[in-house]
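>>> have a look at this fold, sequence not included:
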């Protein structure tokens with residue numbers, strides 16, 4: 001749908017199909033009635049304020065950030081129109097798919113944390129098969145956003161909470177770039193509440209608070225086994241490893257490691273230990289330079305050991321930190 005005078009939102013990346021349920025059987029049950037077009041009814045219903053051309057449909061489409069809007073043929077056009085003022089996230093789900101029911105509830109909790117900056121709706125594709133047909137949905141769960149009447153795919157199949165949060169944040173950035181900055185209740189947008197952590201990350205934080213590094217590592221390892229692309233869990237696991245290594249060093253061992261690193265620059269264990277100590281002490285560039293220097297001087301398994309540790313320390317500091325970007329360039333030169 002073209003919106004004159006505005007920059008069109010770019011499609012967001014789709015996510016994995018993990019946990020998706022094939023809808024091919026359901027499509028056979030769709031009625032012969034022509035499917036509702038996603039933009040149907042939107043062009044003739046605009047008015048100032050909350051877009052609700054029909055009293056009943058408007059009330060349903062403006063339920064706010066509390067409980068999800070239940071999508072049906074009557075209120076769908078109003079939801080599309082509402083997307084001119086606030087992004088609308090629609091989760092298509094089915095009773096026969098436990099994964100889609102779980103995703104429906106998790107996404108409701110997440111959207112509620114944004115203080116009305118998003119509208120959230122759910123569509124049972126068994127009750128409203130025309131919607132799945134109109135949007136060419138192949139499986140449930142599937143999340144689609146509407147922005148200025150335009151459908152934007154978010155993800156299909158199971159999505160880690162951290163991944164869905166990333167997509168929602170990107171959706172809000174695209175909405176802002178397109179001038180869609182309203183809220184469901186019409187009030188000025190409030191600062192979003194801190195979204196809840198995924199259960200295993202919460203478990204890991206609680207274990208860290210208790211000083212139980214083994215329990216924190218176990219929780220994060222399980223999270224990454226299920227969601228290997230969860231960058232938050234990767235970074236947190238790297239921090240757990242670092243804290244565990246440093247705390248295992250006593251004062252005498254730390255001093256001995258520094259003395260050995262100074263007198264034996266090719267002792268990999270000493271260099272790794274001192275790099276850890278430097279990083280924890282806030283000497284980030286020193287830690288990176290120490291390991292890059294070791295890698296440039298050495299070959300074989302010790303070099304690979306130092307490279308792996310350096311990449312782990314990059315995770316701790318964060319990929320967007322300029323010191324990490326600089327050290328990555330230095331590492332590339334050392335390796336090649």
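Here it is on my side, so go on. All figures in this text were calculated on a predicted structure; none of them were measured in a lab.

>>> tell me, please, where in the stretch 201-336 of the chain the pLDDT is lower than the cut-off.
For the stretch 201-336 of the chain, applying pLDDT under 70 flags no range at all.

>>> ranges for the helices of it?
Per DSSP state H, counting those that start in this stretch, the stretch 201-336 of the chain carries helices over the ranges 213-226, 231-248, 251-263, 268-280, 284-297, 301-317, 322-335.

>>> among those, which is nearest residue 151?
helix 231-248 (27.0 Å; C-beta to C-beta). (C-beta placed from N, C-alpha, C; glycine too.)

>>> and the closest one with helix 251-263, angle?
Here helix 231-248 points in a direction 100 degrees away from that of helix 251-263 (axes from the mean of the first three to the mean of the last three C-alpha atoms, to 10 degrees).

>>> so which elements touch helix 231-248?
helix 161-177, helix 199-209, helix 213-226, helix 268-280, helix 301-317 (3 or more C-beta pairs under 8 Å, 6 or more residues apart in numbering; DSSP states H and E).

>>> buried ones in the last one?
By neighbour count, with 16 or more other C-beta atoms under 10 Å as the criterion, the buried positions of helix 301-317 are 302-303, 305-307, 309-310, 312-317.

>>> ditto for the fourth one
Of the residues in helix 268-280, those scored as buried under the neighbour-count criterion (16+ other C-beta under 10 Å) are 268, 270, 271, 272, 273, 274, 275, 276, 277, 278, 279, 280.

>>> who's in contact with that helix?
With C-beta atoms under 8 Å, 6 or more residues apart in numbering as the test, helix 268-280 has contacts from 242-243, 245-246, 249, 253-254, 257-258, 260-261, 264-265, 284, 286-288, 290-291, 294, 298, 302, 305-306, 309-310, 313, 316-317.

>>> now the helices and strands packed on helix 231-248 in JSON lines, with distance to residue 97?
Listed next are these as JSON lines, based on distance: least, C-beta to C-beta, whole Å:
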{"stretch": "helix 161-177", "distance to residue 97": "17"}
{"stretch": "helix 199-209", "distance to residue 97": "20"}
{"stretch": "helix 213-226", "distance to residue 97": "18"}
{"stretch": "helix 268-280", "distance to residue 97": "45"}
{"stretch": "helix 301-317", "distance to residue 97": "34"}
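
>>> minimum distance to residue 78: which of these has it?
Per C-beta to C-beta, nearest to residue 78 of the helices and strands packed on helix 231-248: helix 161-177, 18.3 Å.

>>> now do the closest one against helix 213-226, angle only.
70 degrees.

>>> distance between helix 161-177 and the chain's centre?
8 Å (C-alpha atoms, centre = their mean, to the nearest Å).

>>> okay, now residue 226: neighbour count?
Residues near residue 226, counting by other C-beta atoms under 10 Å, number 12.

>>> what sits against the residue nearest to it when sequence neighbours are not counted?
The shortest distance from residue 226 to any non-neighbouring residue, by C-beta to C-beta, 6 or more residues apart in numbering, is to residue 160 (7.5 Å). Contacts for residue 160 were tallied using C-beta under 8 Å, 6+ apart; they are 198, 223, 226, 227, 229, 230.

>>> and the residues you listed, which of them are buried?
198, 223, 227, 230.

>>> which one in the protein is furthest away from the centre?
Note on the chain: the largest C-alpha distance from the chain mean falls to residue 263, namely 45.6 Å (C-alpha atoms, centre = their mean).

>>> what helix or strand is residue 120 on?
strand 119-124 (DSSP states H and E).

>>> partners of that strand, with directions?
strand 69-70 (parallel), strand 88-93 (parallel) (DSSP bridges).

>>> winner for burial among those strands?
Scoring the strands paired with strand 119-124 by mean neighbour count under mean count of other C-beta atoms under 10 Å gives strand 88-93 as the most buried, with a mean of 26.

>>> starting at the chain centroid, how far to that one?
For strand 88-93, the distance to the chain centre is 16 Å (C-alpha atoms, centre = their mean).
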